[in-house]
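Trainee: I'd like to go over a predicted model; first the sequence, then the structure.
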Amino acid sequence: MEKRVGHLFFCSFFIVLVLNTCPATSKEVDDEREFDYNQGSEKGPARWGYLRSEWSMCKDGSMQSPIDLLNDRVDVVSHLGRLNRSYKPSNATMRNRGHDIMLQWEGSAGHIQINGTRYELQQCHWHSPSEHTINGRRFDLEVHMVHESSLGKIAVVGIMYKIGRRDSFLSSMKEHFAAIAGTHEEVRAVGTVDPKHLRIGSRKYYRYIGSLTVPPCTPNVVWTIVRKVRTVTQEQVRLLRVAVHDDSDTNARPLQPLNRRSVHLYRPRERKGD
Ligand SMILES: [Zn+2]
């Protein structure tokens, strides 16, 4: 018994150590029972920062995500340059994290490059409805493509969807979503997945500095939100929603204050075809 307590103590110590020495980490909390999305619940979004000391940024951070992307507050710029995506097909697995479905690339699936820093693609997962809003409007689905640099810096690319025509990437994942519905911590082999098939369809994007939107709410995340809102069918959103086990009808964190942050909207200079 004593030995076990000692072991637990060592583990918690180790976790704290790791979190402290790696200020930015893409390791989102996987245990669904530790937090939820129900407003007013004791494990709900307003309480995340009090649940564990390592999650204090969820309440203390002044540059958190998601935010409303309000056109009036956005600086339109052309200097950021086109989003540099260099993806390649790689073996992937899928896991039901309880509050969301995550697709994780096992080998190198390529990278994006921002300001000379290379961020390797790690995983993607879905939130419904969308976490970010544009001019106060919330959409039906948002995918987060999570990338990490060799120094542990995180960059997330978000793509939003509204109800309309079906999305071909989600269609290609349909059988896997159905197979992991209701499972817990089961890792399902998906085979080779080409991240390029998560289409963007526009050069315009918002850029701002925020955080992970789930505990530990890690700050200094470079956010890229694609301006074009793509489409999915109601059925595709439903499939993702019923697959997870939280009894909540959402896995979107409430909007966070902007607090004097600047938000850029990249738009290519007077070129046709965008
Ligand atoms: Zn996310």
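Mentor: Structure's in. What do you need?

Trainee: got the contact list for residue 133?
Mentor: 66, 68, 69, 139, 255 (Cβ atoms under 8 Å, 6 or more residues apart in numbering). The way it works is simple: take the backbone N, C-alpha and C, and place the C-beta from them, glycine included.

Trainee: tell me where the stretch 151-274 of the chain has strands.
Mentor: In the stretch 151-274 of the chain, the strands defined using DSSP state E, counting those that start in this stretch lie at 154-163, 187-193, 205-210, 221-226, 230-232, 263-266.

Trainee: ok, residue 260 - how many residues close by?
Mentor: 7 (other Cβ atoms under 10 Å).

Trainee: and the one 5 residues further on, by the same measure?
Mentor: Neighbour count for residue 265, taken as other Cβ under 10 Å: 19.

Trainee: do residue 153 as well
Mentor: Counted with other Cβ under 10 Å, residue 153 comes out at 18.

Trainee: one more: residue 204?
Mentor: Residue 204 has 17 nearby residues by other Cβ under 10 Å.

Trainee: ok, now how distant is it from residue 99?
Mentor: 30 Å (Cβ to Cβ, to the nearest Å).

Trainee: same check, this time on residue 202
Mentor: Taking Cβ to Cβ, one finds residue 202 at 29 Å from residue 99.

Trainee: the more surrounded of these two?
Mentor: Neighbours per residue (other Cβ under 10 Å) separate residue 202 from residue 99, with residue 99 holding more: 25 against 15.

Trainee: tell me the pLDDT of that one.
Mentor: Here the pLDDT value assigned to residue 99 is 90.

Trainee: how much space separates it from residue 74?
Mentor: In terms of Cβ to Cβ, residue 99 sits 30 Å off from residue 74.
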